[in-house]
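In: dropping a prediction and its sequence here:
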Amino acid sequence: MPVERVLLASPRGFCAGVEKAIKALAWMVRVFEPPVYCYHEIVHNRHVVDQFRARGVIFVDDVDQVPDGAPLMLSAHGSAPEVVSAARDRGRVVVDAVCPLVTKVHHELKVRAGKGYTVLYVGHEGHEEAVGTMAVAPDSVRLVRSEHDVEVAATEIAPGAPVALLAQTTLSHDEWSDIMNRARERFPDLWMPNRSDLCFATTNRQAALKVIAARSDAVVVIGSVNSSNTRALEKVARASGCPLVLRVNEATELPDDLTGTVGVTAGASAPDELVDAVVARLAPVHGVEEVHVTDEDEYFPPPPELRDLLRGLAAAVAVGLAAPAPAEAGAAGTVTSDVGPGDAGVGVGDRHISAADVLARLAG
């Protein structure tokens, strides 16, 4: 039997932080001769990363691998303070594409540590966001992965000592809430931020998924295996009781025997073109129903370093300073000649430009 209907979760796909990071790296690719370097994957999506690799971006896990003076972007997941400092050494042009919501958690950790708190940080061991955040105050923070870790902390932290609770932004809300409730039980004076550390986009995508999972015979979650928010969506779908949950990178990974009603969603770093391809492959007999839960109009502006760079470039072009001739191109940090002041203005005020359109332009 064929797939009868597709329930398409809304919101899904790119969040504001991913939009910001992708557009910023795209500008780096346009402004500089290759290679442009990026510390870690710009976002956790294989398709997006491969598109940038094809345009000459080199992804590294150590900033020492980046040549002196070369253009370097720091990923959306946030970087350790010592990594940021090392990145800015040796004359490199550095643009930090960290998500503002991750920056918020970095700030909270720094402030609490400075006030003598032990900070319980709920996150996934080894994830770039967790590694970068915990490095802000390594002597004051403990990684918490489960309720059991809270119990261990309760036996090792002196009674009455100040304790705070922070979280990786991309966790499953259910996973976070169980640990939070246990921490509140074990530490009655626990400090927590007034606004949850969980990313609004992550929470919204999970809420939309819960609605469609309850009506679906199968759920397809689109995103990469190393994407924390994508894996969180998997957990949410399974916890909702859906009989079959599949995570795929792209449409070619879909099995041929799906039937009935299929729910479809995508992690916050998965582009819409992958969603379109999955829906086309499912080819629902009775069409697609988009299940809308909430609107998202959040916008994060380009990183300040990029705005300064584009304004400077626009000013240089405006007064007739040409970019280096082709014979001079290729050196680390060399600016290309195809970016004019109008382009730079778009980079500074890009609210109405989507990352999907940017990726399509890169591919074309």
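Out: Yes, it's here.
In: next, give phi and psi for D68.
Out: phi -60, psi 140 (degrees, to the nearest 10).
In: next: V248.
Out: For V248, the backbone dihedrals (degrees, to the nearest 10) come out as phi -130, psi 150.
In: what's near enough to touch it?
Out: 220-222, 254, 278 (C-beta atoms under 8 Å, 6 or more residues apart in numbering). Where C-beta positions appear, they are placed from N, C-alpha and C, glycine not excepted.
In: most neighbours among these, please name it.
Out: Greatest neighbour count in those, by other C-beta atoms under 10 Å, goes to I222: 29 neighbours.
In: so it touches S269, yeah?
Out: No: with contacts counted by C-beta atoms under 8 Å, I222 stays clear of S269, the gap being 10.1 Å.
In: in the chain, which spans are strands?
Out: For the chain, the strands defined by DSSP state E cover 3-10, 36-39, 57-60, 71-74, 93-96, 118-122, 141-144, 163-167, 218-222, 245-248, 260-266, 288-292.
In: what touches both of I222 and S269?
Out: T230.
In: so which of the contacts of V248 is the closest to V48?
Out: I222 (12.2 Å; C-beta to C-beta).
In: hang on, the earlier thing: between which two of the contacts of V248 is the distance greatest?
Out: Farthest-apart pair in the contacts of V248 is V221 and L254; separation 11.8 Å (C-beta to C-beta).
In: bridging residues for V141?
Out: With DSSP bridges as the criterion, V141 is bridged to V119.
In: how about low-confidence regions in the stretch 251-364 of the chain?
Out: Applying pLDDT under 70 to the stretch 251-364 of the chain flags the ranges 314-349.
In: so what sits against both of V221 and L254?
Out: 246, 248.
In: now do the helices in the stretch 251-364 of the chain.
Out: Counting by DSSP state H, counting those that start in this stretch, the stretch 251-364 of the chain has these helices, from start to end: 272-282, 304-318, 341-348, 355-363.
In: an error on my part: the question was meant for the stretch 1-150 of the chain.
Out: Along the stretch 1-150 of the chain, the stretches classed as helices by DSSP H, counting those that start in this stretch are 16-31, 46-54, 81-87, 100-114, 128-134, 147-156.
In: out of those helices, nearest to D61?
Out: helix 128-134 (9.3 Å).
In: list the buried ones in stretch 81-99?
Out: 83-84, 86-88, 92-99 (16 or more other C-beta atoms under 10 Å).
In: oh, I was asking about stretch 210-217
Out: For stretch 210-217, the buried set under the neighbour-count rule, 16+ other C-beta under 10 Å, comprises 210-213, 216-217.
In: can you flag which of these belong to helices?
Out: Judged by DSSP state H, helices contain the following of those: 210-213.
In: I'd like these as a markdown table, with pLDDT appended.
Out: Converted to a markdown table, these look like this (pLDDT from 0 to 100):
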| residue | pLDDT |
| --- | --- |
| K210 | 96 |
| V211 | 96 |
| I212 | 97 |
| A213 | 96 |
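In: list the contacts of stretch 274-284.
Out: Contacts to stretch 274-284, defined as C-beta under 8 Å, 6+ apart, come from residues 2-6, 8, 12-13, 47, 220, 222, 248-252, 254, 258, 262, 264, 266, 288.
In: what subset of these is buried?
Out: For these, buried by 16+ other C-beta under 10 Å: 3, 5-6, 8, 12-13, 47, 220, 222, 248-249, 251, 254, 258, 262, 264, 266.
In: pretty sure V43 is touching I22, no?
Out: Yes: at 6.7 Å, V43 counts as touching I22 under the criterion of C-beta under 8 Å.
In: S177: how many residues sit nearby?
Out: The tally of other residues near S177 (other C-beta under 10 Å) stands at 13.
In: again, but for P193
Out: Other residues within reach of P193, judged by other C-beta under 10 Å, total 15.
In: which residue is the nearest non-sequential neighbour of it?
Out: Counting by C-beta to C-beta, 6 or more residues apart in numbering, E108 is the residue found nearest to P193 once chain neighbours are left out, at 5.6 Å.
In: and for A161?
Out: Nearest residue to A161, sequence neighbours excluded (C-beta to C-beta, 6+ apart): T118, at 6.1 Å.
In: so who does that neighbour touch?
Out: Taking C-beta under 8 Å, 6+ apart, one finds 140-142, 153, 157, 161-164 in contact with T118.
In: kindly state the pLDDT recorded for it?
Out: T118 is assigned a pLDDT of 98 by the prediction.
In: do D174 as well
Out: Here the pLDDT value assigned to D174 is 83.
In: can you get me a residue count around the closest residue to it other than its chain neighbours?
Out: Using C-beta to C-beta, 6+ apart and skipping the chain neighbours, the partner closest in space to D174 is A239 (6.2 Å). Look at A239: counted by other C-beta under 10 Å, it has 15 neighbours.
In: surely A239 is in contact with S177?
Out: No: using C-beta under 8 Å, A239 is not in contact with S177, being 11.8 Å away.
In: buried residues of stretch 233-248, list them for me.
Out: 233-237, 240, 242, 245-248.
In: can you pick out the most distant pair from those residues?
Out: Greatest spatial distance among the buried residues of stretch 233-248 (C-beta to C-beta): S240 and V248, at 18.3 Å.
In: so who does the closest residue to V163 other than its chain neighbours touch?
Out: In space, V163 comes closest to F187 once its chain neighbours are excluded; the distance is 4.5 Å by C-beta to C-beta, 6+ apart. Applying C-beta under 8 Å, 6+ apart to F187 gives the contacts 154, 157, 163, 165.
In: then V141?
Out: With C-beta under 8 Å, 6+ apart, V141 has these contacts: 109, 113, 118-121, 133-134.
In: over to E128?
Out: So E128 contacts 40, 75, 77-78 (C-beta under 8 Å, 6+ apart).
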